[in-house]
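> got a predicted model here, sequence first, then my questions.
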Amino acid sequence: MQTPYRWLRLHDRAPALAYGADYNPEQWPRSTWDEDVRAMQAAGVTIVSLAIFSWARLEPAEGEYDLGWLDEVMDLLHAGGIAVDLATATASPPPWLTAKHPEILPVDAHGATIWPGGRQHWRPTSPVFREHALRLVRTMATRYGDHPALAAWHISNELGCHNVYDYSDDAAAAFRTWLIERYGDLDALNAAWGTAFWSQHYSDWAQILPPRQAATHPNPTQQLDFKRFSSDALKDYLRAERDVLRELTPQIPATTNFMVMGEQKPMDYADWAAEVDFVANDHYVQRGPRAQDELSFSANLTGHIAGGRPWFLMEHSTSAVNWQPINVAKKPGELARDSLTHVAHGADAVCFFQWRQSRAGAEKYHSAMLPHAGTDSEVYRSVVRLGETLRQLAPVAGTAQTPARAAILFDWTSWWASEQDSHPTDRLRYRQEALDWYSAFLDLGVRADVVPAGTDLTGYELVVAPVLHVVPAALGERLEAYVSGGGHLVTTYFSGIVDEHDHVWLGGYPGPLRDLLGIRIEEFAPLADDERAELDNGLTGTVWTDGITVTGPDVEVLASYKGGTPAITRRTVGPGSAAYVSTRLGPDGLAPVLRDLLSRAGVPSELPAELRGRVELAVRGDFHFLINRTAEPVELAGLPGEVLHGHPDLLEPRGVTVLRRPS
Ligand code: GLA
Ligand code: GLA
């Protein structure tokens, strides 16, 4: 990553939080454009993402470009004081390209072609697609590299949103190349994939395929490697576009919008972050219990993928989306609170999909900054108010996130591997378990950083590693060193089970963590849907239990199952400790367990007792964000600090107060 805040210097203005949206002027007559710029100015918009889906307009026939309209839009925005995050425009290939080269279309696991008609219908590994796309990137960079409105490059769009798993012949060839690089020779691959099982031994690289639709459970290591490969293939494509941009416009930072949200699991963004000049993320609230916790979790994780440096919220929604079964509109206050929660976790830009709500196309019922109703609407008025708020918060721009004393470890490999098929249960949800712990922290009013598994843990006093399923020897050693250095580690069921090849550690579970935790498990005991595990502390577990034997010294059983088997254990290791929770307790059950573990570790809440649970605290440098987690007013009286935004004594329902409290 380059200089972290370079992208903030839009037109060399003073640091400010950027504000804006995707702008799709090609969907509208020319007469609308001036009106757009005026309404953007009135709302305080400072940046728009342009040309994301414009390929067919920009290159109407192979090698023939029509850029005049985009020149005009760029000039118009610049004259209006609005900067541009300009797309490379490669996200959705035009019909002439797919008609001429159907071999760029992705293929699903059954061998069926993914046809054009939607968007992102291209194979990440297609050399033909890459040739055409990079030619467009080159054209865009050459034409607009020196344009004064250009603030950043927006590479493709949400890479992998629809096309990450491609099983085509191109993918098969690229997968083999990737495997040759990973394993060097077939013996190593055969060993890693455990091909002695079910007569799967390979004697020639050409025999190897992506895990296409098989008669029964495909080889698990083949599946895991295909997930690694598919993330890498898109990362490689990202690099290819970026390298063209760096060659032609080294002065312009380049990013792409990640999707750290919900169950978007195929792209390992912790591994992608080093490839972009600044991290950008898209986030959409998925309705359901604790949706706001999920937003905070995603923003928090994005901030730590960005290394604690500011990042760019590239998209979220002003109100409803169009792609959920029921698209609920946001309630009063939610638009601002959602935006400010991202800012609280390090976003230096607040952008939406999209500026003007479409009249036609699949997203015409998706909310926007300027809705169908026009400027005389509650959504637009809220958008204008948010613009004012972001101006008040300008001093926050550029500040790094202040590390918490506790952390939750998040690992894409464990996410991928723990949820594969042919496991003890298909009810386990990796991200949900991590999110449950995060909710428990929020309920206790204790800040926790959500950090990628590669993060240096030494600064953290307590680290929760939920369902850390894949523990290569080196990670096991790191966790041991963390604990012997005085750290307090908490882990859960189905952790420490396999190595990097998805081979089970032998001698009793959880292999490399067994001695550290001072426990041994002979057999898993997952629960049926109608079964509950009663604990002697009054809590109830679901999904999983383990038959634990305490084997180590200094192990305290904190809770047992009715019947006496240990359910929650904690081993003291010098000044540190290693605890194990063997069942799914959910956020409400985890809260008392975590309260006890935090108090033993000496990690306090930074909030006054009466605010804990009702208010989320996030800290960036001197700035303390207090976010109302409830739909009721919350009294704040007595908190020291200068008010930058909001009311000093009272948090409105869904309100946010920002205090400056120099440390
Ligand atoms: C994604 C895409 C946008 C739009 C939104 C709708 O984030 O990047 O183009 O489709 O979803 O929510
Ligand atoms: C069948 C098969 C075995 C094994 C078992 C597992 O019986 O013949 O090879 O897969 O199922 O239950």
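Perfect, I can see it now. Fair warning: this is a prediction, and the values are worked out from it, not measured in the lab. Numbering: from 1, shown residues only. Ligands and ions are numbered 1, 2, ... in the order given.
> please make it C-alpha for all contacts and neighbour counts, starting now.
Will do.
> you'd agree residue 348 is in a strand?
Yes. Applying DSSP: H, G, I helix; E, B strand; the rest coil, one finds residue 348 inside a strand.
> so who does it touch?
8, 16-18, 310-313, 397-398 (CA atoms under 8 Å, 6 or more residues apart in numbering).
> skipping adjacent residues, who's closest to it in space?
residue 17 (4.9 Å; CA to CA, 6 or more residues apart in numbering).
> isn't that neighbour right next to residue 392, touching?
No. When contacts are counted by CA atoms under 8 Å, residue 17 is not listed as touching residue 392 (9.5 Å).
> okay, these two: which has more neighbours?
Legend: neighbour count by other CA atoms under 10 Å for residue 17 and residue 392, higher for residue 17 (24 against 16).
> tell me the phi and psi of that one?
The phi/psi pair for residue 17 (degrees, to the nearest 10) reads phi -80, psi 130.
> residue contacts, it?
Residue 17 sits next to 8, 348-350, 390-391, 393-394, 396-397 when contact means CA under 8 Å, 6+ apart.
> nearest to ligand 1 among these?
Checking the contacts of residue 17 against ligand 1 by CA to the nearest ligand atom gives residue 350 as the nearest, at 13.7 Å.
> return the residues in contact with the closest one.
17-20, 312-315, 339, 342-343.
> wait, residue 445 sits on residue 606?
Yes. Counting by CA under 8 Å, residue 445 touches residue 606, with 7.3 Å between them.
> the one residue in the stretch 451-600 of the chain that gets nearest to ligand 1: how many residues sit nearby?
Residue nearest to ligand 1 within the stretch 451-600 of the chain: residue 452 (22.7 Å; CA to the nearest ligand atom). Other residues near residue 452 number 22, with proximity taken as other CA under 10 Å.
> of residue 445 and residue 606, which one has the most company?
Set side by side, residue 445 and residue 606 show more neighbours around residue 445, with 23 against 12, by other CA under 10 Å.
> any idea how far ligand 1 is from that one?
Residue 445 sits 31 Å away from ligand 1, going by CA to the nearest ligand atom, to the nearest Å.
> what residues are up against the closest residue to that residue other than its chain neighbours?
Take residue 445 and drop its neighbours on the chain: the residue closest to it by CA to CA, 6+ apart is residue 612, 4.3 Å away. Residue 612 makes contact with 442-446, 605, according to CA under 8 Å, 6+ apart.
> quickly find the element holding the residue in the stretch 51-200 of the chain that ligand 1 sits nearest to.
Going by CA to the nearest ligand atom, ligand 1 is nearest to residue 158 of the stretch 51-200 of the chain, at 5.5 Å. Using DSSP states H and E, residue 158 maps to neither a helix nor a strand.
> the nearest residue to it once chain neighbours are set aside pairs with what?
Nearest residue to residue 158 in three dimensions, chain neighbours excluded: residue 257, at 5.3 Å (CA to CA, 6+ apart). With DSSP bridges applied, residue 257 shows beta-bridge pairing to residue 280.
> contacts only, for the closest residue to ligand 1 within the stretch 501-650 of the chain.
In the stretch 501-650 of the chain, the residue that lies nearest ligand 1 is residue 629 (23.7 Å; CA to the nearest ligand atom). Residues near residue 629 by CA under 8 Å, 6+ apart: 292, 613-616, 654.
> okay, these in a markdown table with distance to residue 209 next?
Shown next, in a markdown table, are the contacts of residue 629 (distance: CA to CA, whole Å):
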| residue | distance to residue 209 |
| --- | --- |
| 292 | 41 |
| 613 | 50 |
| 614 | 52 |
| 615 | 51 |
| 616 | 48 |
| 654 | 51 |
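> circling back: could you measure from the residue nearest to residue 158 over to residue 395?
Between residue 257 and residue 395 the computed distance is 25 Å (CA to CA, to the nearest Å).
> neighbour-wise, which of those two wins?
residue 257 (22 against 17).
> might one say that that one is in contact with residue 160?
No. Counting by CA under 8 Å, residue 257 stays clear of residue 160, with 10.6 Å between them.
> hang on, the earlier thing: the residue lying closest to the residue of the stretch 451-600 of the chain closest to ligand 1 once chain neighbours are set aside - how many residues pack around it?
Spatial nearest neighbour of residue 452, excluding adjacent residues (CA to CA, 6+ apart): residue 410 at 4.9 Å. Residue 410 has 24 neighbouring residues, counting by other CA under 10 Å.
> how about the one 10 residues further on?
With neighbours defined by other CA under 10 Å, the count for residue 420 comes to 16.
> and for it, nearest residue in space, chain neighbours not counted?
Once flanking residues are discounted, residue 420 sits nearest to residue 220: 7.3 Å by CA to CA, 6+ apart.
> got it, and residue 329?
Using CA to CA, 6+ apart, the nearest residue to residue 329 is residue 320, at 4.4 Å.
> can you pull the contacts of the one you found?
By CA under 8 Å, 6+ apart, the contact set of residue 320 is 327-330, 366-367.
> buried subset of the residues you listed, written for ChimeraX?
Buried members of these, defined by 16 or more other CA atoms under 10 Å, are picked up in ChimeraX with:
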select :327,330,366,367
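> widest-spaced pair of the contacts of residue 320?
Greatest spatial distance among the contacts of residue 320 (CA to CA): 330 and 366, at 12.0 Å.
> what do these two both touch?
319-320.
> wait, residue 352 touches residue 368, no?
Yes. With contacts counted by CA under 8 Å, residue 352 reaches residue 368, the gap being 7.1 Å.
> among the contacts of residue 320, name the ones in strands.
Judged by DSSP state E, strands contain none of these.
> intersect the contacts of residue 320 with the contacts of ligand 1.
Residues of the contacts of residue 320 in contact with ligand 1 (CA under 6 Å from any ligand atom): none.
> returning to that earlier point: how about the contacts of residue 629 in CSV, adding distance to ligand 1, pLDDT and neighbour count?
Listed next are these as CSV, based on distance: CA to the nearest ligand atom, whole Å; pLDDT from 0 to 100; neighbours: other CA atoms under 10 Å:
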residue, distance to ligand 1, pLDDT, neighbour count
292, 17, 97, 20
613, 30, 98, 20
614, 29, 98, 20
615, 28, 98, 25
616, 26, 98, 26
654, 22, 95, 22
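> dump the residue contacts of the residue of the stretch 351-500 of the chain found nearest ligand 1.
Closest approach of the stretch 351-500 of the chain to ligand 1 (CA to the nearest ligand atom) occurs at residue 353, with a separation of 5.8 Å. For residue 353, the contacting residues are 21-22, 315-317, 367-368, by CA under 8 Å, 6+ apart.
> can I get those residues in CSV with pLDDT?
Shown next, in CSV, are these (pLDDT from 0 to 100):
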residue, pLDDT
21, 98
22, 98
315, 98
316, 98
317, 98
367, 98
368, 98
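> in the helix or strand hosting residue 481, what's buried?
Secondary structure from DSSP H and E places residue 481 in helix 473-484. Along helix 473-484, these residues count as buried under the neighbour rule (16+ other CA under 10 Å): 473, 475-476, 479-480, 482-484.
> now stretch 386-406: mean pLDDT?
In this model, stretch 386-406 has a mean pLDDT of 96.
> for it, how far is the first residue from the last?
Using CA to CA, the two ends of stretch 386-406 sit 31 Å apart.
> with stretch 269-280 instead?
Taking CA to CA, the first and last residues of stretch 269-280 lie 11 Å apart.
> ok, that stretch near ligand 1 or not?
No. Using CA under 6 Å from any ligand atom, stretch 269-280 never reaches ligand 1; the gap is at least 11.6 Å.
> check what pLDDT residue 429 gets.
Here the pLDDT value assigned to residue 429 is 98.
> for residue 121, what are its contacts?
92-93, 104-106, 114-115, 162-163.
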